[in-house]
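In: Quick one, structure for this:
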Amino acid sequence: MGLATANGDSQASGLRFLIYGRTGWIGGLLGRLCADRGIAFAYGAGRLENRSQLEADIAAAAPTHVFNAAGVTGRPNVDWCETHRAETIRANVVGTLTLADVCRERGLILINYATGCIFEYDEKHPLGSGVGFLEEDTPNFVGSFYSKTKAMVEELLKNYENVCTLRVRMPISSDLTNPRNFITKITRYDKVVDIPNSMTILDELLPISIEMAKRNLTGIWNFTNPGVVSHNEILEMYRDYIDPEFSWRNFTLAEQAKVIVAPRSNNELDATKLKKEFPELLPIKESLIKNVFQPNRKTPIRP
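Out: Numbering: from 1, shown residues only. Sure, this is the predicted structure:
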């Protein structure tokens, strides 16, 4: 396994990253970021649940940090996990724990891209209240099997002092052609619900995850931009910046439930901890405009 790098800067920095999730969206973006920044990196070839393969990857790459962007989310969506439970457990629980354990044995920090879709609005965190779930809060969303497995593994990973758990939510990037992009998804739906949620702008937050590795940060982090944004607000921005002819229709959660197998998580995560560590972090709506819509602008600026 050879380490890839765009220039010799990584040799001076001493950073060497081992990344799992080469064929995934976040894993692919992370590799391109490393190449652009001259950080030496390699993609892991082993399956997460195969300990000996992970050990071989680490021996070959000799990394300073390991990133896990692998796992099962389901195709075309998380409903797949409802009927493939053993496969989901193998990847999301057994695999992640095995990687964390192998890294701990070797004194390596594991940056684990997890999910914040393990909470839902409740009496203590009402929709629209601005009261978000904290890193210390216990997951309360059990509507989908995917979320159940992610909540399970997050709880177990608390026992590994070498793991940095990043709770990603409804990830968005400036690539509006990618089918995994939350914006791309909702612009293709026949109807959408309109609920404010915490979300992750990858163009801004993936570079921060690299910085977190440099700082050797561990523990649980709500890995979202501060604040919330609703589906309709995003679609209004899409119409204003990208396609003035775009239109959409809404439906209720009850109506949505008739066309999906498993319920979806809706919540606000409190990003105070991340904002304190990275004061430059933009609020979600500002980040959407700066990092996603302005670079893709196709309509003239209105007076």
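
In: After the worst-scoring helix or strand of the chain on mean pLDDT, which helix or strand is next?
Out: Lowest by mean pLDDT, DSSP states H and E among the helices and strands of the chain is helix 9-13, with a mean of 48. Going down the chain from helix 9-13, the next helix or strand is strand 16-20, by DSSP states H and E.

In: and that next one, how far from the chain's centre?
Out: With CA atoms, centre = their mean, to the nearest Å as the basis, strand 16-20 stands 17 Å off its chain's centre.

In: which helices and strands sit right next to it?
Out: With contacts taken as 3 or more CB pairs under 8 Å, 6 or more residues apart in numbering; DSSP states H and E, strand 16-20 sits against helix 25-37, strand 40-43, helix 51-61, strand 65-68. Where you see a C-beta, it was placed from the backbone N, CA and C, and this is true even at glycine.

In: Please save the CA atoms from stretch 149-162 in CSV.
Out: The C-alpha trace of stretch 149-162 is given here as CSV (Å, rounded to 0.1, in the frame of the first residue of the first chain):
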residue,chain,number,x,y,z
THR,A,149,-26.9,0.7,15.1
LYS,A,150,-25.2,4.1,15.1
ALA,A,151,-26.4,4.9,18.6
MET,A,152,-25.2,1.5,19.8
VAL,A,153,-21.7,1.9,18.5
GLU,A,154,-21.5,5.5,19.7
GLU,A,155,-22.2,4.4,23.3
LEU,A,156,-19.6,1.6,23.1
LEU,A,157,-17.0,3.9,21.5
LYS,A,158,-17.2,6.2,24.6
ASN,A,159,-14.9,3.5,26.2
TYR,A,160,-12.2,4.1,23.7
GLU,A,161,-10.1,7.1,24.7
ASN,A,162,-8.5,7.2,21.2
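
In: Quick one: mean pLDDT for it?
Out: Mean pLDDT, stretch 149-162: 95.

In: and what of stretch 192-199?
Out: For stretch 192-199, the mean confidence score works out to 93.

In: Give the buried residues for it.
Out: Residues Val192, Val193, Ile195, Pro196, Asn197, Ser198, Met199 are the ones in stretch 192-199 that count as buried (16 or more other CB atoms under 10 Å).

In: go on, stretch 113-133?
Out: Applying 16+ other CB under 10 Å to stretch 113-133 flags Tyr113, Ala114, Thr115, Gly116, Cys117, Ile118, Phe119, Glu120, Tyr121, His125, Gly132, Phe133 as buried.

In: In terms of helices and strands, where is the second one?
Out: Meaning Ala114. Assigned by DSSP H and E, Ala114 belongs to strand 109-115.

In: C-terminal to that strand, what's the next element?
Out: Next along the chain from strand 109-115, counting by DSSP H and E, comes helix 145-157.

In: So which of the helices and strands packed on strand 16-20 is nearest Asn159?
Out: Set against Asn159 and scored by CB to CB, the helices and strands packed on strand 16-20 come closest in strand 65-68, at 16.5 Å.

In: Following element in sequence after the closest one, please.
Out: helix 79-82.

In: which helices and strands sit right next to that next one?
Out: Using 3+ CB pairs under 8 Å, 6+ apart, helix 79-82 is in contact with helix 145-157.

In: who does the helix it packs on touch, helix- and strand-wise?
Out: Helix 145-157 packs on helix 79-82, helix 85-89, helix 96-105, strand 109-115, strand 163-168, going by 3+ CB pairs under 8 Å, 6+ apart.

In: what's in contact with it?
Out: With contacts defined as CB atoms under 8 Å, 6 or more residues apart in numbering, helix 145-157 is touched by 72-74, 78, 81-82, 85, 88-89, 92-93, 96-97, 100, 112, 114-115, 117-118, 139, 141-142, 163, 165, 220, 262, 265.

In: which of the helices and strands packed on strand 16-20 sits most buried?
Out: Highest mean neighbour count among the helices and strands packed on strand 16-20 (mean count of other CB atoms under 10 Å): strand 65-68, with a mean of 26.
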